[in-house]
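Q: show me the folded form of this:
(2 chains)
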Amino acid sequence: MPKIILDGKEIEFKPGQTIIEAARDAGIDIPHFCWHPKLSVSGNCRMCLVEVEQMPKLVISCATLASEGMVVHTSSPKAVEARNAVMEFLLINHPLDCPICDEAGECKLQEYAYAHGRGESRFEEMKVRKEKRIQLGPYIKFDAERCILCSRCIRFTDEIAKSHQLTFIKRGDKVTITTFPGESFDNPYTLNTTDICPVGALTNQDFRFKARVWEMSKTNSICIGCARGCNIEIWVRNNQILRLTPRYNEDVNSYWMCDNGRLNTFKFVNSDSRIDGPFVRRNGLLEKVSWEEALSEASNKLKKYKGNEIAFIGSAYATNEDNFMFIKLAKLLDVKKVMFARHIKEGDQDDILIREDKTPNSLGAELIGLMPINENLLNELFEEISTGKIKVLYIIEDDIFGKYENLKELAKKLELIIVHATNKNITTEFADILFPASTYAEKHGTFVNFQGRVQRIRPAVATVELDRALDGMSMSRWDKFGTPFDRWMQGKKYDAKPSWKILTSISTKLGLKIKYEMAEDVFEDIANTIDEFKGLDYDLISNNGIKIKNKAYEYIK
Amino acid sequence: MVAKKRKKNLNFFERIYIVEIIKGMILTLKNMFRPKFTMEYPEVKFEPPASYRGRPVLVLDENGVERCVACGLCSRVCPALAIEVQAAETEYEKERYPEKFEINMLRCIFCGFCEEVCPEEAIVMSKDYELVYTNREDAIYGKDKLLVPIEQLRDRIEFLRKFK
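A: Numbers count the residues shown, from 1 in each chain, chains lettered A, B, ... in the order given. Just a heads-up that it's a prediction; the model follows:
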């Protein structure tokens, strides 16, 4: 491979790469604002100026192709001086309202001002005033003063979201970004612009002023909004999820995620409708009981029925571990009907990220051995319930009664309904025994996305059974030094357990000899029994996931 | 037992003590006519100088609005993690204000870092040193106790402008 010499270090590059790309691949970061690896080169911020020998002037490394034998200096006096000058120009009209700005702490301008700025301003005139707090779209606030006109957001809407909604208007120091008159910035991917905005000009309305970035802990996880399974980071403070941001994974979501996933997949975790502790129906009312009581009640009652009198409905929202344990219990009870429901929103799909299948793990559920519910299966189920053949329904982590409304009528015919649920819903109203299940943000586990990629989720929010320090969860400074007497440590902890744990307890009570202590143990068992998962373990899956062997899974409707 | 070694052997006059006692009495007598420094607290209260670091308070500006924009820097810099801030949006030009601002006075070590880091001159150390509480809950001061009109803090603010 051809080579360039960067700051005296020889680095290789692929033909066609620019200097900044070659440097990035070699692990050297050249300061930049407008350049983004997934967007076209614009070259307007001038921050990435470098000195190249034999060239008469400094060049911008984002738009200069690397060529064999090129000698590049990023920290020669000339380059440093140029960079400092660029910083000074950028800061002339920047309001320096970092104390108010939400971006503070993860702001490129702030970081570079610290590294390359003069530390004081020589500018004595009035700064240009522009409009602040512009409602650009339903989820985005725009502060025109803070904008450094890098055009990343404009290029994003043109090239990635392909909605062509943003543009520059006016000239000189009055340039600002806007939509067409009367139009709202409302494509399904708008909030990605807040991530790529190098300053705090575009901010997330939902997260606005909720917390400073350094107060939160972040945990690598997977979005549960659809079958894509975008890689995300969960940001938590005081045991409460405050925002989700996309995490780079070239094979799944690149740098992006959709607004729906970002805004609507975490609020249920800290909502008032969470189920807190196990419940058992006594005299027609759900009554809170101890775990031991609920577990023995469930196992004692299940014992009384034959396998063909029971129907099991798993979930595409549950992890592979949960569904695997569900099947184990089904086998123990000799249950033949083990199904799961698909949640498909017809037509809500595009060729960027969004998938029609609105569950994170439908392929996983299928691979583990659950039957997807189709019309035949459903009618058969309804029939068998109405004729009294099926007397027991065991449902985990899915609102089955909400999806199939006929079941509400048939519920009277059923003798026992056991439900695992995270939040109150229509199904939980009919439950005889109700177990509180941990949400995706409170447990370890794996999902299989529509591409057949196994990906891991990790606990970000502590439940009663979890301890941040002892269970190796990520911790902010506040978590590390807080005591039980500090108010910021008193975030609500729900009394919930992952479904696989509940199912394991019931199975052991029914006489199955298994000893699972961690989700990893269950996954080890999955890897040993199911062909597609053979040879996999949590370490292999790691942060970026791994594709299941030998099968090019594409989503089958 | 080993006999203790004196640094200096006493001479005759020292050994008879009388001279030494008289010397001491003279010193006492001298001090009786010097000006008094003792204050009869709590009837008489100590008025500290502007450089004194009493409990930290929030500045309530002339227009009746707190200066604080809830940037959270005081909370970040606090070595004892005494400060907790929750921001929210306001209609005023400053855009954000502290919806909740709590200082746990049991944690506070009166170091004054919060005052030093504040970009808005919104939190300053007052002259208040009388802090009494009988339980943990009372020791957490909210905005109701922290907000102090700027008139009472002029002294300290002038001091800060001069020396900070």
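Q: which parts of the stretch 451-557 of chain A sit against chain B?
A: Counting by Cβ under 8 Å from any Cβ of the partner chain, the residues of the stretch 451-557 of chain A close to chain B are A:Arg477, A:Trp478, A:Phe481, A:Gly482, A:Phe485, A:Asp486, A:Arg487, A:Trp488. Where you see a C-beta, it was placed from the backbone N, CA and C, and this is true even at glycine.
Q: same list, these, but as a markdown table with neighbour count and secondary structure please.
A: Putting these into a markdown table (neighbours: other Cβ atoms under 10 Å in any protein chain shown; DSSP: H, G, I helix; E, B strand; the rest coil) gives the following:
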| residue | neighbour count | secondary structure |
| --- | --- | --- |
| A:Arg477 | 13 | helix |
| A:Trp478 | 19 | helix |
| A:Phe481 | 12 | helix |
| A:Gly482 | 18 | coil |
| A:Phe485 | 14 | coil |
| A:Asp486 | 17 | coil |
| A:Arg487 | 14 | helix |
| A:Trp488 | 19 | helix |
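Q: how close does A:Phe33 sit to chain B?
A: Here A:Phe33 is placed at a distance of 23 Å from chain B (Cβ to the nearest Cβ, to the nearest Å).
Q: may I have the phi/psi pair for the closest residue in space to that residue that isn't next to it in sequence?
A: Counting by Cβ to Cβ, 6 or more residues apart in numbering or on different chains, the nearest residue to A:Phe33 once its immediate chain neighbours are dropped is A:Cys45, at 3.9 Å. Dihedral angles phi and psi of A:Cys45 (degrees, to the nearest 10) take the values phi -90, psi -20.
Q: what does chain A put close to chain B?
A: A:98-100, A:104, A:132-133, A:208-212, A:214-215, A:477-478, A:481-482, A:485-488.
Q: number of nearby residues for residue 58?
A: Using chain A. Burial measure for A:Leu58: 19 neighbouring residues, criterion other Cβ atoms under 10 Å in any protein chain shown.
Q: hm, I was asking about chain B
A: When counting by other Cβ under 10 Å, one arrives at 23 neighbours for B:Leu58.
Q: the residue of chain B found nearest chain A - how many residues pack around it?
A: Using Cβ to the nearest Cβ, the point where chain B gets nearest to chain A is B:Cys71, with a distance of 3.3 Å. B:Cys71 is flanked by 24 other residues according to other Cβ under 10 Å.
Q: touching the helix ranked longest in chain B from outside, list them.
A: When every helix of chain B is counted residue by residue (DSSP state H), the longest turns out to be helix B:18-32. Residues from elsewhere that reach helix B:18-32 (Cβ atoms under 8 Å, 6 or more residues apart in numbering or on different chains): B:Phe13, B:Glu14.
Q: correct me, but the residue of chain B closest to chain A touches A:Cys98?
A: Yes - proximity of B:Cys71 to A:Cys98 meets the contact threshold set by Cβ atoms under 8 Å, at 7.5 Å.
Q: common neighbours of these two, please.
A: Common neighbours of B:Cys71 and A:Cys98 (criterion: Cβ under 8 Å, 6+ apart): A:Ala104, B:Pro119.
Q: residues in chain B within reach of chain A, list them.
A: B:69-73, B:75-76, B:81, B:84, B:87-89, B:94-96, B:102, B:104, B:119-120, B:136, B:140.
Q: now those residues: which count as buried?
A: Neighbour counting with 16 or more other Cβ atoms under 10 Å in any protein chain shown marks B:69-73, B:75-76, B:81, B:84, B:87, B:94-96, B:102, B:104, B:120, B:140 as buried within these.
Q: of those residues, which belong to helices?
A: B:Leu73, B:Ser75, B:Arg76.
Q: check contacts around the last one.
A: Contact partners of B:Arg76, counting by Cβ under 8 Å, 6+ apart, are A:Arg212, A:Trp214, A:Glu215, B:Val117.
Q: same question, the second one
A: When the contact criterion is Cβ under 8 Å, 6+ apart, the partners of B:Ser75 are A:Glu215, B:Leu81, B:Ile83, B:Glu84, B:Val85.
Q: distance to A:Ala227 for these - can I get that in JSON lines?
A: Formatted as JSON lines, the contacts of B:Ser75 follow (distance: Cβ to Cβ, whole Å):
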{"residue": "A:Glu215", "distance to A:Ala227": "33"}
{"residue": "B:Leu81", "distance to A:Ala227": "42"}
{"residue": "B:Ile83", "distance to A:Ala227": "44"}
{"residue": "B:Glu84", "distance to A:Ala227": "40"}
{"residue": "B:Val85", "distance to A:Ala227": "40"}
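Q: which of the residues you listed sits closest to A:Ile30?
A: Taking Cβ to Cβ as the measure, A:Ile30 sits nearest to A:Glu215 out of those, at 30.4 Å.
Q: now do the same contact list for the closest one.
A: Under the criterion of Cβ under 8 Å, 6+ apart, the contact list for A:Glu215 reads A:Arg237, A:Ser476, A:Arg477, A:Trp478, B:Gly72, B:Ser75, B:Arg76.
Q: equivalent analysis for A:Ser290, please.
A: Residues touching A:Ser290, when contacts are defined by Cβ under 8 Å, 6+ apart, comprise A:Pro278.
Q: what distance do you get for it to chain B?
A: For A:Ser290, the distance to chain B under the criterion Cβ to the nearest Cβ works out to 31 Å.
Q: show me the shaky parts of chain B.
A: Of all residues in chain B, those with pLDDT under 70 make up the ranges B:1-3.
Q: could you confirm A:Ala211 falls within a strand?
A: No - A:Ala211: not assigned to a strand; according to DSSP: H, G, I helix; E, B strand; the rest coil it is coil.
Q: correct me, but it touches A:Ile241?
A: No - under the criterion of Cβ under 8 Å, A:Ala211 lies out of contact with A:Ile241, with a separation of 10.9 Å.
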